[in-house]
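> model the following, please.
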Amino acid sequence: MGTRHNWQLNRDMAYPYEAPPPQRQVAYVFDTNKCIACQTCTVACKTCWTSGKGQEHIFWNNVETKPWGGYPMGWDLNILKQSDPAKWDRGTLTSLTIFETDKGAPPRGYSPTPQDYASPNLGEDEVIGLADLGQYFGDTHPMWMFYLARICNHCDHPACVAACPRKAVYKRDEDGIVLIDQQRCRGYQECVKACPYKKVFYNVISRASEKCIGCFPRVEQGEVALCVAGCIGKIRLHGFRTSQGEPREDNPLDYIIRIRKLALPLYPQHGTGPNVFYIPPLHVPDGFLEQLFGPGVAEAKVTYRDIPNDPKLLGAMMLFGASERIIDRFDVEGDVAIGWDTEGREVARVPFTEPTYVRTHYDEKHAVYRHNTP
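Numbering: from 1, shown residues only. Got it, this is the predicted structure:
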């Protein structure tokens, strides 16, 4: 059992897989404040990648309602029950990760039952409690819920890679995407058991494990994943963060995640180093969010509320959904955010304020009147 540094935990931790960081790391930022659970991302992923036999229950992308929802059912609660409560000391995790168990033991985990996959939308739109008769909403809602979009995290320290006895699961050096070699896989399902996010699935027809492939055929062409391209709410930013060296000020993901610390990882206490980062919802109590996203929730909320007064951060946020090309570099010129792809081509130019055009009632050029009725 070796050790690796986990920057999300601010310490070294035990990890059984020897490999240097990839040349660059695929990463995502999801803004939970803008998600409306329209499931467009889910449909885009499902229809493209998991519409075959044995894949009926497989959702590489899903959107669940917290606090009651989850797919597979209870995926987060079951692993939390096996672990001690997360303990943080000024940003450093002092409790144990899923890898820091008995010497030589596989990562701590559990195997869902077939029934756990029966209800993809269990708990959808259910709030934290019931409103009393005559109760009304004031400035702060006493009842809350929020939508949590989830895909494979393509972790820095993947539990699926560490657990596979066949070494069929691997992490690509060129972009950090985690894949399963279908020829090597024998369906032992140790990866399903080990993944704390339950984003590895078993196909009973092919008898092999499957997982989100990060839309690598699109990524290799410089395009964002389908779930990102299809998001009508523009809650997602997809690209690469710096994995070797210091984070770059001109990289939108580095800037949002590492420099401004606005987006946080999901359950960082597990130790896998997930690369899907979430901007926490403003209306949800900090105590609940800190269990999900670790320390930094309160600071992230303050930063998010101040975005209108922060031109550079506002510019990075304006690039969400602005292009189907992966944005590698960005800048702000005046009140316009500009993004360039990995080849240095400008692919996005977004004004902070959309221009307004007022057309006169009578069009002299065409000698017609404009009406706002059919």
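> pull out the buried positions in stretch 198-215.
Counting neighbours by 16 or more other CB atoms under 10 Å, one finds that the buried residues in stretch 198-215 are 198-203, 208-215. Quick note: C-beta positions are derived from backbone N, CA and C, even for glycine.
> got it, and stretch 324-333?
324-330, 332.
> just the closest of the buried residues of stretch 198-215 to Arg241, please.
When the buried residues of stretch 198-215 are ranked by distance to Arg241 (CB to CB), Gly214 comes first, at 13.7 Å.
> ok, the residue lying closest to the closest one once chain neighbours are set aside - how many residues close by?
Computed as CB to CB, 6 or more residues apart in numbering, the closest residue to Gly214 that is not its neighbour in sequence is Ile177, at 4.0 Å. Residue crowding around Ile177 was assessed by other CB atoms under 10 Å; the count is 22.
> Ile177 touches Val161, doesn't it?
No: with contact defined as CB atoms under 8 Å, Ile177 and Val161 do not form a contacting pair (11.9 Å).
> what touches both of these two?
With contacts taken as CB atoms under 8 Å, 6 or more residues apart in numbering, the residues that reach both Ile177 and Val161 are Lys171.
> contact partners for the residue nearest the centre of the chain?
For the chain, the residue sitting closest to the mean C-alpha position, by CA atoms, centre = their mean, is Val276 at 3.2 Å. Under the criterion of CB under 8 Å, 6+ apart, the contact list for Val276 reads 27-28, 30, 150-151, 153-154, 265-266.
> out of those, which one sits closest to His366?
Using CB to CB as the measure, the one of the contacts of Val276 that approaches His366 most closely is Phe30, at 45.8 Å.
> what residues does stretch 120-128 touch?
With CB under 8 Å, 6+ apart, stretch 120-128 has contacts from 37, 57, 59, 62, 64-65, 67-71, 73, 143-145.
> quick check on those: which are buried?
If we count by 16+ other CB under 10 Å, the contacts of stretch 120-128 have these buried: 37, 57, 59, 62, 64-65, 67, 69-71, 73, 144-145.
> farthest-separated two in the contacts of stretch 120-128?
If you compare every pair in the contacts of stretch 120-128 using CB to CB, the most distant one turns out to be His57 and Met143, at 31.0 Å.
> that older thread, columns pLDDT, secondary structure and distance to Val358 on top of the buried residues of stretch 198-215, output as a markdown table?
What follows is the buried residues of stretch 198-215, written out as a markdown table (pLDDT from 0 to 100; DSSP: H, G, I helix; E, B strand; the rest coil; distance: CB to CB, whole Å):
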| residue | pLDDT | secondary structure | distance to Val358 |
| --- | --- | --- | --- |
| Lys198 | 98 | coil | 52 |
| Lys199 | 98 | coil | 49 |
| Val200 | 98 | strand | 54 |
| Phe201 | 98 | strand | 53 |
| Tyr202 | 98 | strand | 58 |
| Asn203 | 98 | strand | 57 |
| Ala208 | 98 | strand | 60 |
| Ser209 | 98 | strand | 58 |
| Glu210 | 98 | strand | 53 |
| Lys211 | 98 | strand | 51 |
| Cys212 | 98 | coil | 46 |
| Ile213 | 98 | coil | 48 |
| Gly214 | 98 | coil | 45 |
| Cys215 | 98 | coil | 41 |
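> export the residues you listed to a markdown table and tack on distance to Trp340?
Conversion of these to a markdown table gives the following (distance: CB to CB, whole Å):
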| residue | distance to Trp340 |
| --- | --- |
| Lys198 | 37 |
| Lys199 | 31 |
| Val200 | 35 |
| Phe201 | 36 |
| Tyr202 | 41 |
| Asn203 | 39 |
| Ala208 | 39 |
| Ser209 | 37 |
| Glu210 | 34 |
| Lys211 | 31 |
| Cys212 | 27 |
| Ile213 | 26 |
| Gly214 | 22 |
| Cys215 | 21 |
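> hang on, Thr50 packs against His57?
No: taking contact to mean CB under 8 Å, the distance of 9.1 Å between Thr50 and His57 leaves them out of contact.
> in strands only, show me the contacts of stretch 120-128.
Those of the contacts of stretch 120-128 mapping onto strands are 62, 64-65, per DSSP state E.
> show me where the protein has its helices.
All helices of the chain, identified by DSSP state H, fall at 40-49, 75-82, 159-163, 190-194, 216-219, 226-229, 252-254, 286-293, 297-305, 311-318.
> quick one, which of those is nearest to Gly271?
Ranking the helices of the chain by proximity to Gly271 (CB to CB) places helix 159-163 first, at 8.3 Å.
> the closest one packs against which elements?
Applying 3 or more CB pairs under 8 Å, 6 or more residues apart in numbering; DSSP states H and E, we find helix 159-163 packed against strand 169-171, strand 178-180, helix 190-194.
> tell me the contacts of the residue nearest to Gly214?
By CB under 8 Å, 6+ apart, the residues touching Ile177 are 26, 154, 171, 213-214, 216, 219.
> Ala298 now?
Shown here is Ala298, whose contacts under the criterion CB under 8 Å, 6+ apart are Asp286.
> for Arg4, same thing?
Arg4 touches 12-13, 15, 157, counting by CB under 8 Å, 6+ apart.
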